[in-house]
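# Coordinates only, no sequence provided:
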């Protein structure tokens, strides 16, 4: 695969305009080439150029390899839903036909759905399984059996033959009507195929069924699906990079609800993996937190300012600053995500400060002018008071923005995460600085309002407590210095024990377990181990369902061998999260000899985006392929990952999946994959 398929594809695709990184993987029966383009590359043009290059090299690829297929554009987190199909009434072959023709086609109509891969799909076909003993007994060779079958196909006797005639083959006109002639294929069932004559012995016709088992079966399996302790189908719905996960999930569920009444005997489980559940839960939690935060801000402003007009002006200024920043982001085509919200939250302190400083200076100047009997108009006083503090606010804002300038030059995954945060923060504080709402509302609400000084009852106790603490510290500064020294020493001692993470550990309710046996493990053994793990995991209280995909599926992005599997479960939100995770880990640890882990989808995706692989440390070998490197690379069933480079000395590079830096090509532009098998 590598020598005859992968390398010709690489050579044809090298030099495509805008190409940043080319990676390839070669496994038995499958070759995959992934192209990562530079940011800003036009996706449609890149796909067109890649398709033209692929079409040019396809005639040179061996005929035993199917033509390369370019999969739809997918992001690192493209998997939107995993749907389990099982049935007690239908065979898996029948279930595959239903899934392909009735379910997959409907799901592809949902806006935002890029692909629906079917793991465990079994293609219905007529098979001739020869028996060597019966061949020898009847004096028939394998070539004779093959010739009989091929002749039947060439003559159009079989439904999938090139010469088969399907439908009408003409008509006959009678005096009063036209009768269409329908051609009925002579071979439609295994019994029909078994009646093909092989040869005649002593006046007796020896038929195909006498020397072979002719039956309806499926293709040799390159992968499989396990659903809730039994063999079934696992449909993985993948979305386009620009599609909204929540909208796609709701659209898929709506389609499933419509077609379910027409699928009697088919069990559909669409909650094996559903990221939209985590998104919905996060939105609910965030909404509650924002409401609580808004109420607290209002209460604090009212309690300390002790003037409802001043508090109202401050609150309106803060809200309008956030709205203005959100409108700018909307015009830029951005969406509200965790990092944007984090930027708004961080900017909230600066916006509160701007609003309070501005309005308090206006109130102070109005009081002063009224106390002295000044004849200045209220509008003039408010304008002068606003300009008086505006220069300080502008300088402070520019200093804060200058501190964030390095973030905009960050590259890789870190840059992709933190740039939206910094941009949201900058927009919010700029909007707060530039707003004329504060002086305008001050003119409307304060020009004729009584502004006698009313001090909040909280001020005096707080000032008294602050004064006592400060007087004690000033009298005995050794205590303050000692406390500071102890805190600093504690921080130095604790710092090495702290972990490093780009993102917090999200408490997702969907879990992924990589399930890798030794290369060369058979398909039945992989199914047996996976079904056993399904039974044990589903016995844990709170585990609602189980789904696993093993090996490969047609038109998908998993380039692995049959020994590679991924187990997926979802847990009930009502159970204790940490306790349930500990029980899951205990079950997984009970399978020695396997590479296994317990991850959430986000954590697994971030790790792979950092280095391009699942493992914590990845070693890549560039340049000429020495004999030792070839043996090391081809010893495993998954095959080597290639990074094409110019000829030169071999070079070893070890990438550690550190959370604070990106791997090759992380954070780059659109990805295009071409694969064949």
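Looks like it arrived, so ask away. Since the model is a prediction, treat every value here as computed from it, not as a measurement.
# Can you pull the domain assignment for this structure?
Domains of the chain are assigned by automatic domain parsing as 126-217, 278-453, 455-498, 510-664.
# Look up the pLDDT of residue 612 for me, please.
Residue 612 carries a pLDDT value of 56.
# Touching, residue 315 and residue 297? I think so.
Yes. Judged on CB atoms under 8 Å, residue 315 makes contact with residue 297 at a distance of 7.3 Å. To be clear about C-beta, it is placed using only N, CA and C from the backbone, and glycine gets the same treatment.
# Doesn't residue 620 lie inside a strand?
Yes. Per DSSP: H, G, I helix; E, B strand; the rest coil, residue 620 lies within a strand segment.
# what ranges of this structure fall below the confidence cut-off?
154-168, 412-413, 434-435, 451-454, 499-504, 606-618, 622-677 (pLDDT under 70).
# Name the nearest residue to the most centrally placed residue in it, ignoring sequence neighbours.
Closest to where the C-alpha atoms of the chain average out (CA atoms, centre = their mean) is residue 77, at 1.2 Å. With CB to CB, 6 or more residues apart in numbering as the criterion, residue 77 has its nearest non-adjacent residue at 5.1 Å, and that residue is residue 605.
# Which element, helix or strand, includes that neighbour?
Per DSSP states H and E: residue 605 is located in helix 601-611.
# that older thread, can you tell me which of the domains of the chain is nearest to residue 27?
Smallest distance to residue 27 across the domains of the chain (CB to CB): 4.4 Å, for domain 510-664.
# wait, isn't the residue nearest to residue 77 in contact with residue 76?
Yes. Contact criterion CB under 8 Å: residue 605 and residue 76 qualify, at 5.2 Å.
# So for these two, which residue has more residues nearby?
Neighbours were counted for residue 605 and for residue 76 using other CB atoms under 10 Å; residue 605 has more, 17 against 13.
# Could you identify the longest helix within the chain?
With secondary structure taken from DSSP state H, the chain has its longest helix at helix 338-372.
# Could you list the buried residues of it?
339-348, 350-352, 354-363, 365-366, 369 (16 or more other CB atoms under 10 Å).
# before we move on, what about stretch 106-126?
Those would be 106-107, 110, 112-122, 126, for stretch 106-126 by 16+ other CB under 10 Å.
# And it, end to end?
Start and end residues of stretch 106-126 are separated by 28 Å (CA to CA, to the nearest Å).
# repeat for stretch 496-514
30 Å.
# now swap in stretch 129-144 and tell me
End-to-end for stretch 129-144, by CA to CA: 14 Å.
# Report how many residues lie close to residue 187.
21.
# in the stretch 501-650 of the chain, which spans are helices?
523-538, 577-589, 601-611, 627-634 (DSSP state H, counting those that start in this stretch).
# Now do the second one against helix 523-538, angle only.
Between helix 577-589 and helix 523-538, the angle comes out at 150 degrees (axes from the mean of the first three to the mean of the last three CA atoms, to 10 degrees).
# for helix 577-589, packing partners?
strand 510-516, helix 523-538, strand 564-571 (3 or more CB pairs under 8 Å, 6 or more residues apart in numbering; DSSP states H and E).
# Repeat that for the longest one.
Packed against helix 523-538, as judged by 3+ CB pairs under 8 Å, 6+ apart, are the following elements: strand 223-227, strand 230-239, strand 510-516, strand 543-551, strand 564-571, helix 577-589.
# for the fifth one, the distance to its chain's centre please.
Same thing as strand 564-571. Mean-position distance between strand 564-571 and its chain equals 15 Å (CA atoms, centre = their mean, to the nearest Å).
# Just list what that strand packs against, helices and strands only.
Partner elements for strand 564-571 (3+ CB pairs under 8 Å, 6+ apart): strand 267-273, strand 510-516, helix 523-538, strand 543-551, helix 577-589.
# now, of these, which is deepest in the fold?
Among these, strand 543-551 has the highest mean neighbour count (mean count of other CB atoms under 10 Å), at a mean of 25.
# Okay, now the sheet partners of that strand, with direction.
strand 223-227 (antiparallel), strand 564-571 (antiparallel) (DSSP bridges).
# can you put the helices and strands packed on strand 564-571 in TSV and add distance to residue 180?
Output for these, formatted as TSV (distance: least, CB to CB, whole Å):
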stretch	distance to residue 180
strand 267-273	40
strand 510-516	54
helix 523-538	46
strand 543-551	46
helix 577-589	62
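# Out of these, flag the one nearest residue 444.
Residue 444 lies closest, by CB to CB, to one member of the helices and strands packed on strand 564-571: helix 577-589, at 50.6 Å.
# Summarise which helices and strands the strand or helix carrying residue 180 is packed against.
Per DSSP H and E, residue 180 falls inside strand 178-182. Packing contacts for strand 178-182, counted by 3+ CB pairs under 8 Å, 6+ apart, involve strand 168-173.
# Work out the sheet partners of the strand it packs on and label each with its direction, please.
By DSSP bridges, strand 168-173 pairs with strand 178-182 (antiparallel).
# Flag every buried residue along the following helix or strand past the partner strand.
Counting by DSSP H and E, the element after strand 178-182 in chain order, helix or strand, is helix 190-194. For helix 190-194, the neighbour count (16+ other CB under 10 Å) marks 190, 192-194 as buried.
# and of these, the nearest to residue 201?
Among the buried residues of helix 190-194, and counting by CB to CB, the member closest to residue 201 is residue 194, at 17.2 Å.
# Quick one: residues contacting the closest one.
By CB atoms under 8 Å, 6 or more residues apart in numbering, the contact set of residue 194 is 207-209, 214.
# again with residue 344
Residue 344 touches 322, 325, 424-425, 428, counting by CB under 8 Å, 6+ apart.
# quick one, what contacts the residue lying closest to residue 515 once chain neighbours are set aside?
Excluding its sequence neighbours, the residue lying closest to residue 515 (CB to CB, 6+ apart) is residue 565, at 3.9 Å. Contacts for residue 565 (CB under 8 Å, 6+ apart) come out as 514-516, 526, 530, 548-551.
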